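Trainee: Give me coordinates for this.
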Amino acid sequence: MANDAFAHQGLGSSALMVIGALHANPGQSAAELVASSSVSRATVYRTLERLHGHGLVQRDGSVWTLTPRALESIRVPAEQAVTEPGLGWDGLAAAYGTTGAAEARKVFHAAERAAYRAALEARTEHRTPALTIIRDGDTVLVPAQRADEVPDHWQTPDGSVLDPVTRRPVPGWRVATDGRLILHSPGDQLTYEELVAANTVALESWETAA
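Mentor: Residues are numbered from 1 along each chain as shown. Below you'll find the model as predicted:
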């Protein structure tokens, strides 16, 4: 796939799969190539016709093989393909206008990786420094406060949540023993029998849907 001849607008990856399958196991029918190349039946037929038009495959009845030209192209060193444009895959890349596609893809991916690393570094710079305390001579890491933890000055001793502006308790909200917010709803006030009934209804709905 690093060769420009097999770029998206060139021969394509399906051609590479078919050529690879014929190179590994010469003399296959189109049906056999569907399995050996892992390419769909329609794509195999379309690819074979394209490769046949370039003189890269030949057919004997229902059996397909690579032509000497294809085998020579596989073995042509890159430097020779440059000096002899009509020979090798580089000549096909030039014909399709895909020369340089692989290099452009490498540059694009390198830019993406650089942008990703820069984003990670920027995020790291904005992290809050870890808070540690000394207890019995040992350094203990204090976990960072989560978004749903309520600061001490926003709650009352009885667990009510204070509005930061009005400093009045907010109806429906409580603070759990771990400091997280709890929103009371009508469902929180169900008795045990009501919870059992609700569970039964949920199970019946699930079985009906299944």
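
Trainee: Check the offset of stretch 16-35 from the chain's centre.
Mentor: The chain centre lies 29 Å from the centre of stretch 16-35; the measure is C-alpha atoms, centre = their mean, to the nearest Å.

Trainee: how about Val107, what does it touch?
Mentor: Counting by C-beta atoms under 8 Å, 6 or more residues apart in numbering, Val107 touches no other residue. The C-beta positions use only the backbone N, C-alpha and C, and glycine is treated the same way.

Trainee: Arg113 versus that one, what's the distance?
Mentor: 11 Å (C-beta to C-beta, to the nearest Å).

Trainee: got it, and Gln28?
Mentor: Taken as C-beta to C-beta, the span from Gln28 to Arg113 is 39 Å.

Trainee: more neighbours, these two?
Mentor: Using other C-beta atoms under 10 Å, the more surrounded residue of Gln28 and Arg113 is Gln28, with 21 against 10.

Trainee: Go ahead and confirm the more buried one touches Trp64.
Mentor: Yes - counting by C-beta atoms under 8 Å, Gln28 does reach Trp64; the two are 6.0 Å apart.

Trainee: what sits in contact with each of these two?
Mentor: Leu22.

Trainee: got the buried residues for the host helix or strand of Phe108?
Mentor: Here Phe108, judged by DSSP states H and E, is contained in helix 101-125. Neighbour-count burial for helix 101-125 flags Ala101, Ala102 (criterion: 16 or more other C-beta atoms under 10 Å).

Trainee: After the worst-scoring helix or strand of the chain on mean pLDDT, heading C-terminal, what element do we hit next?
Mentor: Every helix and strand in the chain was compared by mean pLDDT, DSSP states H and E; the lowest is helix 78-83, with a mean of 42. Next in sequence after helix 78-83, counting helices and strands by DSSP H and E, comes helix 89-96.

Trainee: Go through that next one and flag the buried ones.
Mentor: In helix 89-96, counting by 16+ other C-beta under 10 Å, buried: Trp89, Asp90, Gly91, Leu92, Ala93, Ala94, Tyr96.

Trainee: now the residues you listed as TSV including distance to Pro171 and pLDDT?
Mentor: Shown next, in TSV, are these (distance: C-beta to C-beta, whole Å; pLDDT from 0 to 100):
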residue	distance to Pro171	pLDDT
Trp89	73	73
Asp90	75	74
Gly91	78	74
Leu92	74	78
Ala93	71	80
Ala94	74	80
Tyr96	70	82
